[in-house]
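Engineer: Let's see this in three dimensions:
(chains A and B)
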Amino acid sequence: MRLLNKITLNLFAISLFIFLVGIVIFYYVLREQVDQNINLELKKREISINKEFDAAHSSINPTVNLNDTIIITPIQQPHRAETFSDTLLYNPETNKYAIYRQLGFVKTIHDQGYYIQIFKPLEETDRLIIRIIIMMNILVILIIITLIIANRHSSRQDWKVFYDTITKINNYDVNTHEEFLLQHSDIKEFEDLNRVLSTMTERIKSDYLNLKEYIENASHEIQTPLAIINSKMELLLQSGDMKEKQYKTVADAYEASNRLSRLNRTLILLAKIENRQFPESRPVNPAIMINHQLESLEDLIDSKKISIVRNLGDDVTVSMNPYLAEILFVNLIKNALRHNIAGGELNIGLSVKCLKIANSGPPLQVDPETLFKRFHTSSSSPESLGLGLSIVQKICTMYGFKVSYSYQDNMHVMQVVF
Amino acid sequence: MKILIVEDEKPLSDSMVEYLAEEGHLCEAVYNYLDATEKIGMYQYDIIVVDINLPDGNGLDLIRLIKKQSITLGIIIISALNSLENRIEGLEIGADHYLTKPFHLAELNAHLKSINRRISYGGSNQILFNEIKLIPDEHRAYVHDVEIILTKKEYELLLFFISNKNKVITKSGLAEYLWGDYMDLADSYDFIYTHIKNLRRKLLKKGCEDYIKTIYGLGYKFELS
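Structural biologist: Now for the predicted structure:
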């Protein structure tokens, strides 16, 4: 159904319903008011009859009920017309003037013209009218409020799918492995929109996956030729009958191809993390891993005269792939060592909630945002691939950890919140 | 040591054969699964180097076949597929080591030697190089029969040098041997420099000859002067 039709139909259905309900309510309310009014009249009649009875048995003049009053005045000119008019009459019972409707007409009896006036009080009917008006107003207001509420409610139902779609598109990540599922709607426009979006995301995803697969395949295929190049150059270097200049040339080429190998390997690792090819998780103890890493880097730490402050929670465990855990901690520690200064400090704090690795060093010259970007390297270490922190971030993202950088008290602080 | 190399990339296979032959090993090369099974059936080898992706079969199947026949045979897997499952599966079915392409020939050689030591002598042997004596089982090193205290990395470094003596050892080869894959090896060269400086100092202090030669811009060579 089209959105416009749907809205119109909704509004119509709601209005019809409220209208029918309204009529029924209005009928009963009105009925009640009229009954009350009639009851009141009857009550008055009762009083007046009682009074008349009382008067019949005594000498007291009966009080005149103005309702029953008929004033007859003889007149000379018999051609006065029949007239309706409002008039004020004094009611001796209440000592007040009240508004009456009067009808004056002429009656000729035996050639003598009489002007006859009869009265009806307006007070009661006025009250009825006011009550009806109030009632109607209340009803109309109720109808409007109900209409608004019902309409909003039904519209919200209709638009829910739309808002759901918006939220899902907003959160759409081509990298996630969740399927992009949109809700079904009975509104044509929304259904069209969802269909177009679904096809679009599917296409984007398949393009993306193709591209990724292509890169991965390429990376894998590159490994073998690289292995051949490297092995041949290694043999060449062993041959020993080269001049120093040739040696240098081969050495440079060898270094470059090694760098390419490492780069390629790291890119494959990144792709694997992205593809979640390290599924099995088990509780790992970061303290043990970190201590082990520090031990294996001991010589370097000594040579740089870096003092280490460890504050490791021994019984902290994190559920992750042990291999990736190792890579994560190594990269963080190595990063903290690389950018440390001679005689600097390395603080490692581990708690259930987070891991904090801080190292001394001058403030960053670049935007901290770029730290986690691929191929971001500082000028001081040209051999760096610039993929270390990128790997750290990928691993953290995979496990839903939050990694952040800050600079406090001349220390670079990397924090991983588990 | 008799080695069979099962690798379908002929140029790579040739490199391995050449490097290992220079070390005095007896190397044979086959380029597919079928030839490999044939060779294994006919001859006795100490170590087999297997590529996982062979044109007519899977290297892992070959390992299973070998392990049925001989438990003591040493096996090194070389593969471009560096997937963890492959690695774990390979090691589970009895491979001794897993190398990811591209690898360094020196690294392959070092692993071959270590596996051979384990198979031939049950690991309880010693490695002698002039006045240097290494006992791999205990990770101990002696110069003129006096023990020198080395850190773990220094010990590994010395072992690697002796395994590849008289060869040019590149810095990147050393780095990968010492720290494995997936390190951003940015300052590994600094690490290596530090390690070698310390190792050399410790050796010289005990009256060892200076065998470690620096080859500028490339790496090192461990040789008799």
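Engineer: who touches residue 215 in this structure?
Structural biologist: Since you didn't name a chain, this refers to chain A. The contact partners of A:I215, by C-beta atoms under 8 Å, 6 or more residues apart in numbering or on different chains, come to A:267, A:271. C-beta coordinates here come from the backbone N, C-alpha and C atoms, glycine included.
Engineer: Hmm, no, I was thinking of chain B.
Structural biologist: If you count contacts by C-beta under 8 Å, 6+ apart, then B:I215 has A:247, A:251, B:168, B:221 around it.
Engineer: May I see those residues arranged in a markdown table, with secondary structure as well?
Structural biologist: Conversion of the contacts of B:I215 to a markdown table gives the following (DSSP: H, G, I helix; E, B strand; the rest coil):
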| residue | secondary structure |
| --- | --- |
| A:Y247 | helix |
| A:A251 | helix |
| B:V168 | strand |
| B:K221 | strand |
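Engineer: Give me the distance from stretch A:404-418 to the chain's centre.
Structural biologist: 32 Å (C-alpha atoms, centre = their mean, to the nearest Å).
Engineer: What about the contacts of B:I215, which one has the most neighbours?
Structural biologist: Of all the contacts of B:I215, the most densely surrounded is B:V168 (24 neighbours; neighbours counted as other C-beta atoms under 10 Å in any protein chain shown).
Engineer: For B:R140, state which of the contacts of B:I215 is nearest.
Structural biologist: Comparing these against B:R140 with C-beta to C-beta places B:K221 closest, at 24.6 Å.
Engineer: wait, that closest one sits on B:L174?
Structural biologist: No: using C-beta atoms under 8 Å, B:K221 is not in contact with B:L174, being 11.7 Å away.
Engineer: Looking at the contacts of B:I215, spot the one nearest A:I132.
Structural biologist: A:A251 (106.5 Å).
Engineer: How about the contacts made by the closest one?
Structural biologist: A:A251 touches A:237, B:170, B:215, B:217-218, counting by C-beta under 8 Å, 6+ apart.
Engineer: any idea how far A:G361 is from it?
Structural biologist: 32 Å (C-beta to C-beta, to the nearest Å).
Engineer: swap in A:I129?
Structural biologist: Taken as C-beta to C-beta, the span from A:I129 to A:G361 is 89 Å.
Engineer: same for the helix or strand hosting B:G173, what does it pack against?
Structural biologist: Here B:G173 sits within helix B:171-179, counting by DSSP states H and E. Helices and strands touching helix B:171-179, by 3 or more C-beta pairs under 8 Å, 6 or more residues apart in numbering or on different chains; DSSP states H and E, are helix A:244-274, helix B:105-121, helix B:152-163, helix B:188-205, strand B:219-222.
Engineer: and the angle for the fourth one with helix A:244-274?
Structural biologist: I take that to be helix B:188-205. 120 degrees (axes from the mean of the first three to the mean of the last three C-alpha atoms, to 10 degrees).
Engineer: My read is that A:I70 contacts A:Q117, right?
Structural biologist: Yes: in this structure A:I70 lies within contact range of A:Q117 using C-beta under 8 Å: 7.2 Å.
Engineer: which one of the two has more residues nearby?
Structural biologist: A:Q117 (17 against 8).
Engineer: Give me the domain ranges for chain A.
Structural biologist: A:3-145, A:189-274, A:282-417 (automatic domain parsing).
Engineer: Now tabulate these in CSV and tack on mean pLDDT and distance to B:V17.
Structural biologist: Shown next, in CSV, are the domains of chain A (pLDDT from 0 to 100; distance: least, C-beta to C-beta, whole Å):
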stretch, mean pLDDT, distance to B:V17
domain A:3-145, 81, 75
domain A:189-274, 85, 10
domain A:282-417, 83, 32
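Engineer: which residues in chain A form strands?
Structural biologist: A:70-75, A:83-91, A:96-109, A:112-121, A:282-284, A:307-312, A:318-320, A:345-350, A:354-360, A:402-408, A:411-417 (DSSP state E).
Engineer: Out of those, the one nearest B:C27 is which?
Structural biologist: strand A:282-284 (40.8 Å).
Engineer: is that closest one anywhere near chain B?
Structural biologist: No: Strand A:282-284 is not in contact with chain B by C-beta under 8 Å from any C-beta of the partner chain; minimum separation 13.5 Å.
Engineer: Looking at the strands of chain A, which is nearest to B:V146?
Structural biologist: Using C-beta to C-beta, these put strand A:307-312 closest to B:V146, at 31.6 Å.
Engineer: Buried residues, the closest one. List them.
Structural biologist: Buried residues in strand A:307-312, counted by 16 or more other C-beta atoms under 10 Å in any protein chain shown: A:L312.
Engineer: Which residue is the nearest non-sequential neighbour of B:I162?
Structural biologist: Excluding its sequence neighbours, the residue lying closest to B:I162 (C-beta to C-beta, 6 or more residues apart in numbering or on different chains) is B:F129, at 4.9 Å.
Engineer: and the one you found, how far is that from B:M1?
Structural biologist: 18 Å.
Engineer: out of the contacts of B:I215, what pair is the most spread apart?
Structural biologist: Farthest pair in the contacts of B:I215, by C-beta to C-beta: A:A251 and B:K221, 12.6 Å.
Engineer: got the residues of the stretch 251-400 of chain A near chain B?
Structural biologist: Checking the stretch 251-400 of chain A against chain B by C-beta under 8 Å from any C-beta, the hits are A:251-252, A:254-255, A:258-259, A:261-262, A:265-266, A:268-269, A:272, A:277-278, A:295-300, A:303, A:323, A:327, A:330-331, A:334-335, A:337-338, A:377, A:381, A:383-388, A:391.
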